[in-house]
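Undergrad: Would you be able to build a 3D model of this:
(4 chains)
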There are 2 protein chains.
Amino acid sequence: MNDLEKHCSEAGLKMTGQRRLILKVLSKAQDHPSVEDVYERVKKSDSSIGIATVYRTLGLLEELGLVTRHEFQEKFARYEINTQHHDHLVDLETGEVIEFCDDKLEKIKKKIAQEMGYELIDHRLELYGKKIKKK
Amino acid sequence: MNDLEKHCSEAGLKMTGQRRLILKVLSKAQDHPSVEDVYERVKKSDSSIGIATVYRTLGLLEELGLVTRHEFQEKFARYEINTQHHDHLVDLETGEVIEFCDDKLEKIKKKIAQEMGYELIDHRLELYGKKIKKK
DNA sequence: GTAGCTGCAAACTCTTTGCAACTCT
DNA sequence: AGAGTTGCAAAGAGTTTGCAGCTAC
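TA: All right, here's what the predicted structure looks like:
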């Protein structure tokens, strides 16, 4: 039983085959898959899984803080396994999502919140850009 | 005819009563109203307006760059009239949205995008926090 | 054994669209 | 007059839920 599975188990979730598969798909994912993406990938190993199970499981994983739900200006959700905090740059031409992290940025965010009298609980920064073509 | 109306008119939109009312509601709004909010407010002056008209008009206004559509981790859209760029802090306890702007932050965003080889077209930063209680 | 989990289908929410009637310009 | 706009109702997308059967513990 791997770390993710252990975490779920300890939180009181039963480790069913479907959940194991969903966790596996998520931890293997190099992108930020949508619910539909996760569903399609899991179906390769278990063609009888229902999409409702995927929705329910992703919801539970988010509650446990194991994954983060994004909505990059789309009308559907994307998920990613939580690692360390990072922000996202979205390539407007390809839809590709690139992760980055900048310390200075993190500090400024925290400071701004504090100056406004708030404790920063969460935050998200998304940059949208086009690749600069080199000649 | 006010500035907003003029802008629409020049873009080829017919200035109907419904559109005038929607623009009025938006420019008066101190918050970031949802489509439903706009609909309800407009209905006070024109009870026969359809919500499809509100959706269509907000869509057009966004295309014209007059308003910005947000989705603050909710499953519906909110709109605001475009003024100068600013970011948002969302009060997790009340749902209140506070606008702010920080020059240093803007510069860092641009720089980060460039360093990754991107021209920054758009970006959005949302801070989520809780009010710090003073004793 | 039983509380929790599953797939299915139906329901729900937010948004978009086809259409005939209407209205700005 | 004519293209654009409207309200309505129906359709669409994404997501959630009720339920009867199934499964991990």
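Undergrad: Tell me the residues of chain A that contact DNA strand C?
TA: Residues of chain A lying close to DNA strand C by CB under 7 Å from any atom of the strand are A:12-14, A:16, A:18-19, A:46, A:48-50, A:52-53, A:56-57, A:75. Glycine gets a C-beta too; all of them are placed from N, C-alpha and C.
Undergrad: Longest strand of chain A, counting residues only.
TA: strand A:118-131 (DSSP state E).
Undergrad: Mind checking the pLDDT average for it?
TA: The average of the pLDDT scores along strand A:118-131 is 86.
Undergrad: Against which helices or strands is it packed?
TA: strand A:87-91, helix A:103-115, helix B:103-115, strand B:118-131 (3 or more CB pairs under 8 Å, 6 or more residues apart in numbering or on different chains; DSSP states H and E).
Undergrad: can you give me the angle that strand makes with strand B:87-91?
TA: 140 degrees (axes from the mean of the first three to the mean of the last three CA atoms, to 10 degrees).
Undergrad: Enumerate the positions of strand A:118-131 that are buried.
TA: A:118, A:120, A:123-129 (16 or more other CB atoms under 10 Å in any protein chain shown).
Undergrad: Could I have the CA atoms of it written out in PDB?
TA: Listed next in PDB are the C-alpha coordinates belonging to strand A:118-131 (Å, rounded to 0.1, in the frame of the first residue of the first chain):
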ATOM      1  CA  TYR A 118      -6.300  39.000   6.400                       C
ATOM      2  CA  GLU A 119      -4.600  35.700   7.100                       C
ATOM      3  CA  LEU A 120      -3.800  34.100   3.800                       C
ATOM      4  CA  ILE A 121      -5.400  30.600   3.700                       C
ATOM      5  CA  ASP A 122      -5.200  29.800   0.000                       C
ATOM      6  CA  HIS A 123      -4.400  31.600  -3.200                       C
ATOM      7  CA  ARG A 124      -4.100  31.000  -6.900                       C
ATOM      8  CA  LEU A 125      -2.300  32.800  -9.600                       C
ATOM      9  CA  GLU A 126      -2.700  32.000 -13.200                       C
ATOM     10  CA  LEU A 127      -0.800  33.700 -16.000                       C
ATOM     11  CA  TYR A 128      -2.100  33.500 -19.500                       C
ATOM     12  CA  GLY A 129       0.400  34.000 -22.300                       C
ATOM     13  CA  LYS A 130       1.600  33.300 -25.700                       C
ATOM     14  CA  LYS A 131       5.000  31.800 -26.500                       C
END
